Every structure is written in structure tokens, then in C-alpha cells.
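S.K.: here's a sequence, model it:
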Amino acid sequence: MFRKSLLLFSMISLAVLIAWGIAPNAATPACASTTSAQAGNCALQLTVNQPSLTGTVVSPKKVGVTWQVTNVPPCYKITETKVTFTVTQNNNSTIIKHVTIPGPGNAALADLGLGENLPPPQRPNAIIAEVNVKAEPIDPIKRRTESNTKNL
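M.R.: Numbers count the residues shown, from 1 in each chain. Below is the predicted model of the structure:
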């Protein structure tokens, strides 16, 4: 009798462990469980405007760009934005400038430091602005405590 009970207990325990291992994978993610009207989708989305040049092509001072974050998934916050400006000159050389903005932001500006009255080969002819927005979970550590009381 003991062997049969032990075998039955082992089979039930094994079934519970298998079900427990599969259930979290089949569960709906928190982002997907929100209504589509609330979140749209779980992707971080942004729109980058055209970069601009402060000054003239002959005497460029700064490069800048603005952007709009159009979707942040629920329970996430923007923690940092990194902007990379790539300025191509007429002689095919490039100047790369990096700007890091802590927290949420929507604009970046970088000083070129090229001087004034540049000769034609050193004048900029294109600007590429790459905006990398980083969002992190607001509370990555999930904890929950519940209690109940019965007065006697």
C-alpha cells in the first residue's frame, strides 16, 4: 500500500512541476494584458525630426535635433537618451559628436567647433542624427505582501 501511495504522490508531484514550469511561459505578459487603447503596443516608439545646423555652411556653429516619443510601454519610464550626430564634409571626412541626456528629453545640441570661413572641402554637406532612447521598468523588483486578520 505504501508503494502505491508513494508512486501516486510522485506522479502528482511530477505533473504539478511540469504544469508549473509551463504556466509562466503561457501567461499573458503585463504589457499585452493592457487594453490596446491604453498602450497601443509594447514597443518604445519615437519620431525624429530633421537635424538642423546653427550658423551657415561656411561658418557652422552647432548641430541640433528634436524628437517626440510617441509611445512608452506601461510601467516603463525613459531614463536616458543618447544622440549621435554624424556630419559629412565635402571632402568625405566625417565628424561625430555624441550627446547624452539623462531622463526624458526631446532636444539635443552639439558644438561643432570647426571655426569660421571654412574652405569648400571642409564645409558640411550632410547631417545624420541618430536618437537612442532607453526606457527601463519603473519597478523591476516585484514584491507583494498580504495579510488578513480575524478578531476573536
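S.K.: tell me which stretches of this structure form strands.
M.R.: Counting by DSSP state E, the segments of the chain that form strands are 45-48, 52-55, 60-71, 76-89, 94-102, 107-111, 124-137.
S.K.: now those strands in a markdown table, with distance to Asn151 and mean pLDDT?
M.R.: In this view, the C-beta of every residue, glycine as well, is placed from N, C-alpha and C. Below are the strands of the chain laid out as a markdown table (distance: least, CB to CB, whole Å; pLDDT from 0 to 100):
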| stretch | distance to Asn151 | mean pLDDT |
| --- | --- | --- |
| strand 45-48 | 52 | 92 |
| strand 52-55 | 69 | 92 |
| strand 60-71 | 49 | 94 |
| strand 76-89 | 42 | 93 |
| strand 94-102 | 51 | 94 |
| strand 107-111 | 59 | 95 |
| strand 124-137 | 39 | 93 |
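S.K.: using a markdown table, lay out those strands together with mean neighbour count and distance to Leu118.
M.R.: As requested, those are exported to a markdown table (neighbours: other CB atoms under 10 Å; distance: least, CB to CB, whole Å):
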| stretch | mean neighbour count | distance to Leu118 |
| --- | --- | --- |
| strand 45-48 | 13 | 27 |
| strand 52-55 | 14 | 10 |
| strand 60-71 | 17 | 7 |
| strand 76-89 | 17 | 8 |
| strand 94-102 | 14 | 12 |
| strand 107-111 | 17 | 15 |
| strand 124-137 | 15 | 8 |
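S.K.: turn those strands into a markdown table, columns for distance to Arg144.
M.R.: Formatted as a markdown table, the entries for the strands of the chain read as follows, by distance: least, CB to CB, whole Å:
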| stretch | distance to Arg144 |
| --- | --- |
| strand 45-48 | 31 |
| strand 52-55 | 49 |
| strand 60-71 | 28 |
| strand 76-89 | 20 |
| strand 94-102 | 31 |
| strand 107-111 | 40 |
| strand 124-137 | 16 |
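S.K.: would you mind giving the domain segments of this protein?
M.R.: Domain segmentation of the chain under automatic domain parsing yields 2-33, 36-137.
S.K.: if we ignore the residues flanking it in sequence, what's nearest the residue nearest the centre of the chain?
M.R.: Per CA atoms, centre = their mean, the C-alpha nearest to the average position across the chain is that of Lys134, at 3.2 Å. Counting by CB to CB, 6 or more residues apart in numbering, the nearest residue to Lys134 once its immediate chain neighbours are dropped is Glu80, at 4.6 Å.
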